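J.: predicted model, plus sequence, below.
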Amino acid sequence: MSADAGRLQDREDIRTLISRSVRSLNEGRFADFIALFADGGHYVLEADSAEIGKTMIWLDLDRNELDALLEESPQHVHDLAARKHMVTVEEVDFAVDGTAVEALSSFSVFRTDIDGRTEVYAVGNYEDQLVGGEDGWRIARRRVRVQTRMFRTPTPTPL
Amino acid sequence: MDDRIARWEVRPDLPPTHYVDNRIFTDPAIFNDEQAQIFAGGWKLVCHESELPEAGSYRALTLGGRPILVVRGRDQADGSPGDIRAFFNICPHRGAPLARDERGTFGKRIQCFYHLWTFDLEGACTGITRPEGYEPVGLSKDDVGLRPVRTEVLGGLVFVSIDDDVAPLADFLGPIADNIRLHFPEDEELEVFHFHRSEIRCNWKLWVDNNSEQYHEFLHVLNRKTGLSQPNYHERRWHLHPNGHHAMDQGAMNYGGVGLEARRDRLMPGMEPDALMVMLLFPDVMINVRATVMRLDTITPVAPDRTVVEWRGLGLKSDTPEQRDERIRHHNQVWGPAGRNLPEDIAAVESQQRAMESGAFPWSLYAREEDLRPQDDSNLRSFYQEWGRRIGRWPHDVDAERGDEPSLSVIGGAAE
């Protein structure tokens, strides 16, 4: 495979990885979501507050902490609505040696309540750092920057 | 009638303080009375002083339907921060807002964007555009100015009232002001690092209720594992204060119960290691401290079934970046829009509201008597008695005549 073809394949694999990440969240397959993170991977959820003029960190968890939170999840009383992410990968930038990548995606999340009423739940960006390995690409760090600050129902489940 | 049905049709056989008429959560006329008698007529916490860090810093908000502007004044002669004042966020000329966003910083002057009139940070008019046009009628800048709003600051908490004749804040707070001074001391400045708000589909009192009562800790996984399992959990007591305020003794939590680190360093003022403290300032200020981090909640009732809640997270202004990161982590483990407990609380109160609105659920029970221990309902009974006193109704029967009758004792029909 030529270098260009290899790069195209990497791009496709990265798009697939990002799509899988949101699909696993949509379907509540949290173990599959965690498996997309590299060892030592990190998840950060943040928003800018217009009210206090600061960036707020709402979640900052390494892979193990995220795993523990999601493992605890079935014990919590949940919002009964379904959530569906729509994601568009906008940019994929390779480092010089091709082993690390930064990807920028836009996402929106729709919430469908138990009566079947759908509304926009959140919008924002994923800023992903990805690393390649024998098992393919994995998320080294996902920084979720949400524009939405008033959620219909808050949630400890990652966006 | 079948007894099982009659129990739902007949007023509970309990002291009148021990249940409430659920129409207090749904009736639009009662909601309007609350707006006039409680929210427009009393003190309202609007922000923390750290949100106004320098001369000219402002916050804009709405209180009792009035647009309010809270502004930090010029530095004092000795270099200390200027006084905090509030005004209507309305230009006296034609009514345009002086601040169009929620926060920001004016320069030395506040300038209306519409006709460019200017005011100093104390509210005096300093400039009228082309003033000669008013000379024939004798109007000058000395004749106009910003409309002041009663403002008091205690422990960095900024309270305003749109009732010009409201009693001083100290009178309203009474002895619970000592609790505020303990947790907001003059020699240790606090700082807001987190803010978010949600519109919750419930009556505002249900949110206060949820936040204040400890019986519902059984709802939360985290509380079951870190608090309810603690041997001294039931040894703490509520302290009920005049005017509906209340606070509970601190008690140590076991954060290791859910695999989280202990909270024993860089404690918030007045806190013991790993301890939880809960305080309510009637009607709508809830202060929760979990050893290393504070949560400050305020409420804006929007409709009988709609409530906007604002949450602030606070640490110490003297925090290093590493210490602040740790406080934020501790805050988010429980609170914040991605915290463990908030979604559960919202699920509870919104489902309650639906039951109230259905008309099938006439009375709610507040009948636990545990000698003022955490799961005693006396703090909520105190809240509802003060609510009734303020709006001139009985919480247990909104149709009953009340007149000037005093509130009922809430410690317990059996206990007193």
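T.: Structure's in. What do you need?
J.: mind listing the helices for the chain?
T.: Picked chain A for this. Under the criterion DSSP state H, helices of chain A are mapped to A:3-26, A:30-35, A:63-72.
J.: my question was about chain B
T.: Applying DSSP H to chain B gives helices spanning B:3-9, B:28-34, B:169-173, B:176-183, B:204-212, B:221-223, B:321-334, B:342-358, B:378-391.
J.: hmm, back to that, quick one: which of the helices of chain A is nearest chain B?
T.: helix A:63-72 (5.9 Å; Cβ to the nearest Cβ). Yep, even glycine has a C-beta here, placed from its N, CA and C like the rest.
J.: for the residue lying closest to B:R236 once chain neighbours are set aside, give its distance to A:D97.
T.: Spatial nearest neighbour of B:R236, excluding adjacent residues (Cβ to Cβ, 6 or more residues apart in numbering or on different chains): B:D249 at 3.9 Å. As for B:D249, its distance to A:D97 is 60 Å (criterion: Cβ to Cβ, to the nearest Å).
J.: more neighbours, these two?
T.: Ranked by neighbour count (other Cβ atoms under 10 Å in any protein chain shown), B:D249 and A:D97 place B:D249 first, with 17 against 7.
J.: report the contact partners of that one.
T.: B:236-237, B:239 (Cβ atoms under 8 Å, 6 or more residues apart in numbering or on different chains).
J.: where does the chain have low pLDDT?
T.: Looking at chain A here, since you left the chain open. Across chain A, the ranges flagged by pLDDT under 70 are A:1.
J.: that answer is for a different chain, and I need it for chain B
T.: B:411-416.
J.: for it, give the residue positioned nearest to chain A.
T.: B:P337 (4.0 Å).
J.: so that residue is in contact with A:T153, correct?
T.: No - B:P337 is beyond contact range of A:T153, at 9.3 Å (criterion: Cβ atoms under 8 Å).
J.: near chain A, which residues of the stretch 201-350 of chain B are found?
T.: Residues of the stretch 201-350 of chain B lying close to chain A by Cβ under 8 Å from any Cβ of the partner chain are B:219, B:221, B:258-259, B:312, B:325, B:328-329, B:332, B:336-340, B:342-344, B:346-348.
J.: quick one: buried ones out of these?
T.: B:219, B:221, B:258, B:312, B:328-329, B:332, B:336-340, B:342-344, B:346-348 (16 or more other Cβ atoms under 10 Å in any protein chain shown).
J.: quick one, what contacts the closest residue in space to B:G257 that isn't next to it in sequence?
T.: Nearest non-adjacent residue to B:G257, counting by Cβ to Cβ, 6+ apart: B:K225, 3.8 Å away. Applying Cβ under 8 Å, 6+ apart to B:K225 gives the contacts B:254, B:257-258.
J.: please redo it, this time with the cut-off set to 10 Å
T.: When contacts are counted by Cβ atoms under 10 Å, 6 or more residues apart in numbering or on different chains, B:K225 touches A:72, A:75, B:253-260.
J.: also B:L276?
T.: Per Cβ under 10 Å, 6+ apart, neighbours of B:L276: B:214, B:217, B:223, B:226-227, B:230, B:233, B:236, B:248-253, B:263, B:288-291, B:334, B:374.
J.: give me the neighbour count for the closest residue to chain B within chain A.
T.: Nearest to chain B, among the residues of chain A, is A:P154, at 4.0 Å (Cβ to the nearest Cβ). Neighbour count for A:P154, taken as other Cβ under 10 Å: 24.
J.: give the contact list for the residue lying closest to B:F218 once chain neighbours are set aside.
T.: Nearest in space to B:F218, with sequence neighbours left out and distances taken as Cβ to Cβ, 6+ apart, is B:R224 at 6.5 Å. Listed by Cβ under 10 Å, 6+ apart, the contact partners of B:R224 are A:75, B:217-218, B:257-258.
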